[in-house]
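Trainee: sequence and predicted structure below; questions after.
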Amino acid sequence: MASSDQKFTADIPATPEPPRVSADLIYGLDDRPPVGEAIVVALQHVLAAFVGIITPPLIISNALGLEPADTGYIISMSLFVSGVATFIQCKRIGPVGSGLLSLQGTSFAFLGPIIGVGTAAIAGGETPQGALALIFGLCFFGSFVEVFLSRFLHLAQKIITPVVSGTVVMIIGLSLIKTGITSMGGGVIAQQNGTFGSNQNLALGGFVLVIIVILNMTGNRYLRMGAIAIGLVLGYLVSVFLGIVNFSALSTLPLVRVPIPFRYGMDFNFAAFLPFILLYLITAIETIGDLTATSAVSRQPVKGSLYMRRIKGGVLGDGVNSLIAAVFNTFPNTTFSQNNGVIQMTGVGSRYVGFFVAGIFVLLGLLPVVGGIFQSLPQPVLGGATIVMFGAIAVAGINIISSAPLDRRSLIIVAVSLALGLGVVYVPELLVDKPAMIKNIFSSGISTGGLTAILLNWLLPYPTDTVEPVQEPGTQGGEV
């Protein structure tokens, strides 16, 4: 892998044009913010990603009927591994990692097959711990699919164009808005107890949203960088005053959890492995979209050899980090898109912030009580912050698409991909009676829209009155 990466690095022009940094980007990719500022921004990334990281293991553990001790351990390991994986992604160790401010967390894409495999194993007589051994074995070997694929991404340069990647990024943002609005209304629990969309929830979420917007529009860079954190803290304090923060669960948590590799063992079943192969391919597509968005909001190239090197390293990092996740008893890791909104809102794209994020996640994984405080953050407060960040991701996708000429062909690709991608998000019951494999692939708007964009860009002919893009001299790595 190292030799391949060295070859690709040689393709970068000797005197590349430096990326243009917008005036509203306070710290660029390789800038080093002061420690205090970096920690404030890092905390905002942690708050944006925390719920997304712990939700998949919580859902899976409940579906498998795990004991509370096992559930708590797996959640802690999800946070711990996210820290280790984020460090690898931001640092770029050899060819592994994108070198961007890109966060890693537990993937939602694998929920269906993991729960299906686990419940089938338990129905066949396995204990829940035995089912976990099979799940982690499938995830471990499946990660090599993404590792292998990452080394050949440069062959897909004419297919993964700005129109394709921008469309995927836009779908990511637009799909996440549903999650943000749900949180703003009170979340799933509020839907179950009949308080969803209550005046209190909407007022609390709206309060946080207004605070973030006002602070983000000030001329003070410290207020802008801390806008999300300040909004969340103020919302948290108001929630405590209203009596809607539950601290009772903190007393039952242990002080420290120690990572134990292969705690539940490892098993394998080839028939159960087949859906995982396809899901790792889909995860790679999502990672390309996430990293393209990160490049865009960090004012880095979204085409050319430097961009492709980062994409290859990021997808390779995705695979390696999923392997590490399986070793430490948690589920596949992938890049998180919501943090691109944090970059855009704070104006900080420095990858060094990612090191602080990684340290905080590791600390949260090792000290469950600290993580429990974050976990007690009310959903309306979180929704008020995330809704604006998710919208910012969609805008980043529009910017990527607009960087390329929009002819009839491009408009068809964007239109059909958006329609199908968002269609399965808005009407998920469309696939309710379909085979499990079809539901696993197409229930995600990102995978549906991404696959549609890639296929259309591959199959649709270029109009006769346009010329297919060609590479510029000195960019053998390829225009994307």
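Mentor: Perfect, I can see it now. Small disclaimer: the values here were computed from a predicted structure and weren't measured.
Trainee: surely residue 318 meets residue 333?
Mentor: Yes - using C-beta atoms under 8 Å, residue 318 is in contact with residue 333, at 6.9 Å. The C-beta positions use only the backbone N, C-alpha and C, and glycine is treated the same way.
Trainee: find residues that contact each of the two.
Mentor: residue 104 (C-beta atoms under 8 Å, 6 or more residues apart in numbering).
Trainee: higher neighbour count, the two?
Mentor: The residue with more neighbours, out of residue 318 and residue 333, is residue 318; 36 against 33, by other C-beta atoms under 10 Å.
Trainee: the stretch 151-300 of the chain: helices as residue ranges?
Mentor: 162-184, 187-193, 199-216, 221-225, 227-242, 270-297 (DSSP state H, counting those that start in this stretch).
Trainee: of these, flag the one that's most buried.
Mentor: The highest mean neighbour count among those, using mean count of other C-beta atoms under 10 Å, belongs to helix 162-184: a mean of 25.
Trainee: Throw the helices of the stretch 151-300 of the chain into JSON lines and include mean pLDDT, thanks.
Mentor: Converted to JSON lines, the helices of the stretch 151-300 of the chain look like this (pLDDT from 0 to 100):
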{"stretch": "helix 162-184", "mean pLDDT": "82"}
{"stretch": "helix 187-193", "mean pLDDT": "81"}
{"stretch": "helix 199-216", "mean pLDDT": "92"}
{"stretch": "helix 221-225", "mean pLDDT": "75"}
{"stretch": "helix 227-242", "mean pLDDT": "87"}
{"stretch": "helix 270-297", "mean pLDDT": "81"}
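Trainee: tell me which of those helices sits nearest to residue 409.
Mentor: Evaluated over these, closeness to residue 409 peaks at helix 162-184, with 8.6 Å, by C-beta to C-beta.
Trainee: what about that closest one, distance to the chain center?
Mentor: Distance, stretch centre to chain centre, for helix 162-184: 11 Å (C-alpha atoms, centre = their mean, to the nearest Å).
Trainee: stretch 293-305 now?
Mentor: 16 Å.
Trainee: and residue 244, how many residues sit next to it?
Mentor: Residue 244, neighbours per other C-beta under 10 Å, totals 18.
Trainee: skipping adjacent residues, who's closest to it in space?
Mentor: residue 378 (5.6 Å; C-beta to C-beta, 6 or more residues apart in numbering).
Trainee: surely the one you found and residue 232 touch.
Mentor: No - Residue 378 is not in contact with residue 232 according to C-beta under 8 Å; the separation is 10.1 Å.
Trainee: quick one on the thing from earlier: would JSON lines of the helices of the stretch 151-300 of the chain with distance to residue 342 be doable?
Mentor: Formatted as JSON lines, those follow (distance: least, C-beta to C-beta, whole Å):
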{"stretch": "helix 162-184", "distance to residue 342": "13"}
{"stretch": "helix 187-193", "distance to residue 342": "20"}
{"stretch": "helix 199-216", "distance to residue 342": "11"}
{"stretch": "helix 221-225", "distance to residue 342": "10"}
{"stretch": "helix 227-242", "distance to residue 342": "6"}
{"stretch": "helix 270-297", "distance to residue 342": "9"}
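Trainee: residue 95 is nearest to which of these?
Mentor: Taking the helices of the stretch 151-300 of the chain one by one with C-beta to C-beta, helix 270-297 is closest: 14.6 Å.
Trainee: and after the closest one, which helix or strand comes next?
Mentor: helix 305-327 (DSSP states H and E).
Trainee: list the helices and strands the helix or strand that comes right after that following helix packs on?
Mentor: For helix 305-327, the succeeding helix or strand toward the C-terminus, using DSSP H and E, is strand 333-335. If contacts are counted by 3 or more C-beta pairs under 8 Å, 6 or more residues apart in numbering; DSSP states H and E, strand 333-335 sits against helix 68-91, strand 104-106, helix 270-297, helix 305-327.
Trainee: residues near residue 438, how many?
Mentor: The burial count for residue 438: 11, using other C-beta under 10 Å.
Trainee: sorry, back to before: closest one to residue 438 among the helices of the stretch 151-300 of the chain?
Mentor: helix 270-297 (10.4 Å).
Trainee: gap between the residue nearest to residue 244 and residue 178?
Mentor: Going from residue 378 to residue 178 by C-beta to C-beta, to the nearest Å gives 19 Å.
Trainee: pretty sure residue 458 contacts residue 161?
Mentor: No - assessed by C-beta under 8 Å, residue 458 is found out of contact with residue 161, at 10.3 Å.
Trainee: and the angle for the single longest helix found in the chain with helix 162-184?
Mentor: Counting by DSSP state H, the longest helix found in the chain is helix 35-64. Going by axes from the mean of the first three to the mean of the last three C-alpha atoms, to 10 degrees, helix 35-64 is angled at 80 degrees with respect to helix 162-184.
Trainee: avg pLDDT for helix 35-64?
Mentor: Mean pLDDT, helix 35-64: 84.
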